[in-house]
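Peer 1: Quick one, fold the following:
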Amino acid sequence: MLITWKYKDRGTFVYKLDPRTRLIFALAMMFSLIQFWDVRVHLIFLMLGLLQFRLARLTWREVKRAWMLVSVVVLMMTVITFLTGRGGAGVISSEQRHLLARLGPLPLGIFGWQMKLDVTAERIMFALSQMMRVWAISSYAIIIPYTIDPALYGVMFRGLGLPDKFAYAMDLSFRFVPSLGRDFTVTMDAQRARGYEVEKLTGGVLAQIRKLAPLIVPITINAIVGAEDIIDAMDLRCFGVGPRTWVHRLQYQKRDWALIGFSAMVFVGTLLLNFFVCKGKLWIPPFLLSGW
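Peer 2: Below is the predicted model:
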């Protein structure tokens, strides 16, 4: 059986908005902030995204796991980008290199390789901008499943003009992640009851992967069987033969039109600002350039 995210209507302004409005607002903010490589702009959008969590009255305990996962991925990506110097094509030109320090050669102990690291103002600000950008985007994405009624997923996408098949596919996709997490927990408890101890896995990487088979195989099979059951149920109900009717009906209110208008103004404003002023350039604070 499919389950949903931990949704709880707290009756605030955020929950009273039409779900289509919430999605339009999130997409407009995301497409606005990705135009810039300016930490100041990213910080503004991040603060606006975090304001939603405050208005929705979500607690840190509810969203802690999502933020920790995003933070780990972002930090790993940022560190790798900073150390390798990869990324920034089209943002940092080869002529722009304000060297601040030079580290190395550092012995890595792998085939006698040595690493040299040039710490430049551009590399520091690109890594920081990359980190702030992903955090800002995540602030608009993480809140959606916690503040939108799961019963409105399908009708929300259908109300945006998307086909019934696509709307229902998105509905199932939103429910797949928590359902998979539930199956993993149930399988883990069942295997532990049989004496399986995942904490005591030993050996190399390949050996540990093989020893995870008692977890991976049942979860994979259950996911496949569950998908087949859903397909059979949809076929029995002649899904896709004709236009689909939806139990819930969405209707925009004045507050929805106001937020949609605000989202449109922000997107158009950032588009003009980036095209005429910033032009996608990386912002570097003056104090980093003054020491060069």
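Peer 1: host element of the most centrally placed residue in the chain?
Peer 2: The residue lying closest to the centre of the chain (CA atoms, centre = their mean) is residue 138, at 4.6 Å. Here residue 138 sits within helix 121-147, counting by DSSP states H and E.
Peer 1: Could I get the buried residue list for the lengthiest helix in the chain?
Peer 2: Counting by DSSP state H, the longest helix found in the chain is helix 164-193. Within helix 164-193, the residues scored as buried using 16 or more other CB atoms under 10 Å are 164, 167, 168, 170, 171, 174, 175, 178, 179, 183, 187, 188. For every residue, glycine as well, the C-beta is placed using N, CA and C.
Peer 1: Just flag the most distant two among those.
Peer 2: Maximum pairwise distance among those (CB to CB): 36.4 Å, between 164 and 188.
Peer 1: And the strands in the protein?
Peer 2: Under the criterion DSSP state E, the chain contains strands at 99-107, 114-120.
Peer 1: which one of these has the lowest average pLDDT?
Peer 2: Mean pLDDT per stretch puts strand 99-107 lowest among the strands of the chain, at a mean of 66.
Peer 1: For residue 219, give its distance to residue 194.
Peer 2: Residue 219 is 15 Å from residue 194, where distance means CB to CB, to the nearest Å.
Peer 1: again, but for residue 255
Peer 2: Counting by CB to CB, the gap from residue 255 to residue 194 is 54 Å.
Peer 1: Which one of the two is surrounded by more residues?
Peer 2: More neighbours surround residue 255 than the other of residue 255 and residue 194, with 13 against 7 (other CB atoms under 10 Å).
Peer 1: outside of stretch 152-159, which residues touch it?
Peer 2: Stretch 152-159 is contacted by residues 19-20, 23, 148, 164, 166-168, 170-171, 174-175, 244, 246-250 when judged by CB atoms under 8 Å, 6 or more residues apart in numbering.
Peer 1: from the chain's centre, how far out does it sit?
Peer 2: 20 Å (CA atoms, centre = their mean, to the nearest Å).
Peer 1: same check, this time on stretch 23-38
Peer 2: Its chain's average C-alpha position is 13 Å from that of stretch 23-38, according to CA atoms, centre = their mean.
Peer 1: Return, as residue ranges, the portions of the stretch 1-150 of the chain with sub-threshold pLDDT.
Peer 2: Counting by pLDDT under 70, the stretch 1-150 of the chain has low-confidence residues at 1-5, 85-96, 102-115.
Peer 1: sorry, back to before: residue 31: which of the buried residues of helix 164-193 is nearest?
Peer 2: residue 170 (18.7 Å).
Peer 1: how close does that closest one sit to residue 214?
Peer 2: 33 Å.
Peer 1: How about residue 123?
Peer 2: The gap separating residue 123 from residue 214 is 45 Å, by CB to CB.
Peer 1: Which of these two has more residues huddled nearby?
Peer 2: Shown here are residue 123 and residue 214; by other CB under 10 Å, residue 123 has more neighbours (22 against 15).
Peer 1: wait, isn't that one in contact with residue 82?
Peer 2: Yes - using CB atoms under 8 Å, residue 123 is in contact with residue 82, at 6.1 Å.
Peer 1: related to what we said a few turns ago, out of the buried residues of helix 164-193, which one sits closest to residue 42?
Peer 2: Residue 42 lies nearest to residue 174 out of the buried residues of helix 164-193, by CB to CB, at 26.8 Å.
Peer 1: Just give the closest residue to the closest one, not the sequence neighbours.
Peer 2: residue 153 (5.1 Å; CB to CB, 6 or more residues apart in numbering).
Peer 1: try residue 141
Peer 2: residue 26 (6.9 Å).
Peer 1: for residue 48, what are its contacts?
Peer 2: Neighbours of residue 48 in contact, by CB under 8 Å, 6+ apart: residue 29.
Peer 1: quick one on the thing from earlier: do you know how far the residue nearest to residue 174 is from residue 265?
Peer 2: 28 Å.
Peer 1: who's more crowded, the two?
Peer 2: Neighbour tally, residue 153 and residue 265, criterion other CB under 10 Å: the higher count belongs to residue 153, 22 against 11.
Peer 1: and the residue nearest to residue 141, what does it touch?
Peer 2: Contacts of residue 26 (CB under 8 Å, 6+ apart): 140, 141, 144.
Peer 1: Give the buried residues for stretch 242-259.
Peer 2: 244, 250, 256, 259.
Peer 1: Output those residues as a markdown table; include the columns distance to residue 56 and pLDDT.
Peer 2: Below are the buried residues of stretch 242-259 laid out as a markdown table (distance: CB to CB, whole Å; pLDDT from 0 to 100):
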| residue | distance to residue 56 | pLDDT |
| --- | --- | --- |
| 244 | 30 | 76 |
| 250 | 19 | 88 |
| 256 | 16 | 94 |
| 259 | 14 | 95 |
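Peer 1: Many thanks, I have nothing further to ask.
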